[in-house]
Structures are given as structure tokens and as C-alpha cells.
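**Student:** sequence and computational prediction follow.
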Amino acid sequence: MENSNILNNIKEAAAYIRSKYADAPQIGLILGSGLGVIADLVENATVISYEDIPHFPVSTVEGHAGELLLGTIQGKHVLLMKGRFHMYEGYGVDVVSFPVRVMKELGVQKLIVTNAAGGINTSYEVGDLMLIKDHINFTSRNPLIGPNYPELGARFPDMSEAYSRSLRQTAKEVAAEQGVKLQEGVYIGLLGPSYETPAEIRMMRTLGADAVGMSTVAEVIVARHAGIEVLGFSCISNMAAGILDQPLSHEEVMETTERVKPKFLQLILGIVGKL
């Protein structure tokens, strides 16, 4: 995506979406592998295929549907991405994070990101939900490299509170009300698509990471650059390499996310109601 055209591209994508759904969404949701079920919560949904939106890439990963849904959850207007884009698909970091720019243009003020992640913290169990309190960008890519447009955000955005403290507090209160056990930890984002080696996982634990995945980080950097508050969740869909003596597979990820679906849906429903 040419930087010189990015402002026009954002406006064109947003204009197309507005032509299909007139209300301004307040909350954006980006759903990870197997977590598209949250889309079931959207009432009176308008569904737009990614391939129909100008300048939008198309998701190629199993478990990612490739649709934008606009509608309401708990009376709040939401924009929900059912399926995200990853750098391991061959997309540039600017392309992966482009939809967040479009969300901002449409009026989104708060973003909920979800992902399926490998558990690094040995006290975690498969099926746990982890509230992301911070992240480590291990992709060696940053979506803000290149010219900065002041209308999009500051040249050097602060990342000391990448994941909103107040939104995390709301999530904890809702989880407590619902009796949902919520871990809280640091997410480390890598390029993928290969899973990590046991040696890499030992290194990441030493660095202070609790869960590892191949998404989220670029989207959150762009959201914070744009002044959007972020709340993030990892579904611990498998234990990372070397913790259990077994190989890793995408099938296990999908099976686990299917299992945690009911409690995750209720949690998101409760949180959106309080935003």
C-alpha cells in the first residue's frame, strides 16, 4: 500500500462501509482463530465481505471468515472483523493494520482484540482466557514506519498503556460477576507461521512473556497511534512448545476455542454492555 495514498484509501474504504451502514460504530472488535463465534452476538447485522471493501486485503487462514459485520451488541453500535490479516500471509505490516485506521475514520473509540495464543506461563492451562496487560513486539516490524500524517496520530506515540487500565478493570469486574477465571499477562507477537521451538519459548519466558501468538501487536500499535483505547484477550489454545511433550497443531487451536466459546461469548457480552 503506497503511503502517499493511505489517507485517500482510508477515506474510500470508510465511505464504502458507510454506504452500507449509516450508524457510526463506537466499538470495534477483531476476532482471532476460531473466535468468530462472537459475531453471533451482533444484532441486525449488516455483513460486508472484505473483498468488496476498497483497499481491504482478504484473509486466507482457516478459522478466519473474511467478513465485516456492523450492528449492535447490548445497544452499542459495533464494527466486528470476523477474521484478521497476518504478516505470515505475505501482507505488509501497514496492510495488516489498515482496518484499524478505517475503524477510527468511522468513529470507533474502543477496540477489543482477541487471539488464540500458546501458553508460555506454566501456571496456565489450555482453555484459559488471558487478559492482555502488555505486549512485546518480536516481529521486527512497526506499522508506523514511514511518513507520519498528523491527522492520524503523533509521530512518536506513547505506548506505556497500550492496553487500557480502565477497560481491563471493567473486564475483571465482569469476569468476577460471571465466575470466569481470568489470567492476566504479557503477550509476545511473532511473525510465524511456524510455531516456536522449545528454546525460543524458554527465551520468551525469560523475557517476561506469558503467551505467544502471530497477530495483534501491529493492530494495537496503530489503535494507540489513533487514540483508540484497547482491550485484549488471548485464548490459551495450546501450551507452547516444550512445556508438554507433544507436537502443536492448528486443529488443537480450533478445538480449544470451540470449547471456551460459551464463557467467552458471555464475557464479551457483559463487557460491551458496560463500555
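**Tutor:** Alright, I've got the coordinates. Numbers count the residues shown, from 1 in each chain.
**Student:** let me know the secondary structure of the residue at minimal distance from the centre of the chain.
**Tutor:** Nearest to the mean C-alpha position of the chain, by CA atoms, centre = their mean, lies residue 113 at 3.0 Å. Assigned by DSSP: H, G, I helix; E, B strand; the rest coil, the conformation of residue 113 is strand.
**Student:** just list whatever residues bridge to it.
**Tutor:** Legend: beta-bridge partners of residue 113 under DSSP bridges are residue 30, residue 232.
**Student:** state the distance from it to residue 80.
**Tutor:** Separation of residue 113 from residue 80 (CB to CB, to the nearest Å) stands at 12 Å. The C-beta positions use only the backbone N, C-alpha and C, and glycine is treated the same way.
**Student:** what do these two both touch?
**Tutor:** Between them, residue 113 and residue 80 share these contacting residues under CB atoms under 8 Å, 6 or more residues apart in numbering: residue 29.
**Student:** how about the helices in the stretch 101-250 of the chain?
**Tutor:** 165-178, 198-207, 217-225, 250-274 (DSSP state H, counting those that start in this stretch).
**Student:** mean pLDDT for those helices: which is lowest?
**Tutor:** Ranked by mean pLDDT, the helices of the stretch 101-250 of the chain bottom out at helix 250-274, with a mean of 88.
**Student:** what helices or strands is it leaning on?
**Tutor:** With contacts defined as 3 or more CB pairs under 8 Å, 6 or more residues apart in numbering; DSSP states H and E, helix 250-274 has these neighbours: strand 67-73, strand 76-82, strand 110-119, strand 129-137, helix 165-178, strand 229-239.
**Student:** and the third one, what's buried?
**Tutor:** Of the residues in strand 110-119, those buried under the neighbour-count criterion (16 or more other CB atoms under 10 Å) are 110, 111, 112, 113, 114, 115, 116, 117, 118, 119.
**Student:** ditto for the fifth one
**Tutor:** Under the neighbour-count criterion of 16+ other CB under 10 Å, helix 165-178 has 167, 168, 170, 171, 174, 175 buried.
**Student:** residues touching the closest residue to the third one other than its chain neighbours, list them.
**Tutor:** Going back to what we said before, that points to residue 170. In space, and not counting its chain neighbours, residue 170 is closest to residue 274: 5.3 Å by CB to CB, 6 or more residues apart in numbering. By CB under 8 Å, 6+ apart, the contact list for residue 274 reads 170, 173, 174.
**Student:** out of the helices of the stretch 101-250 of the chain, which is closest to residue 235?
**Tutor:** Judged by CB to CB, the one of the helices of the stretch 101-250 of the chain that comes nearest to residue 235 is helix 250-274, at 5.4 Å.
**Student:** quick check: of the buried residues of helix 165-178, which lies closest to residue 153?
**Tutor:** residue 167 (19.1 Å).
**Student:** might you report the residue contacts of residue 224?
**Tutor:** 157, 158, 159, 162, 230.
**Student:** now residue 211, which residues is it bridged with?
**Tutor:** residue 119, residue 187.
**Student:** check contacts around it.
**Tutor:** 117-121, 124, 130, 132, 185-188, 234, 236.
**Student:** can we see that at 6 Å?
**Tutor:** Counting by CB atoms under 6 Å, 6 or more residues apart in numbering, residue 211 touches 117, 119, 120, 130, 187, 234.
**Student:** returning to that earlier point: winner for burial among the helices of the stretch 101-250 of the chain?
**Tutor:** Comparing those by mean neighbour count (mean count of other CB atoms under 10 Å), helix 217-225 comes out on top with a mean of 26.
**Student:** so where's this structure uncertain?
**Tutor:** Residue ranges of the chain with pLDDT under 70: 1-4, 59-65.
**Student:** at 90 what do you get?
**Tutor:** Counting by pLDDT under 90, the chain has low-confidence residues at 1-5, 31-41, 57-66, 82-84, 238, 240-263, 265.
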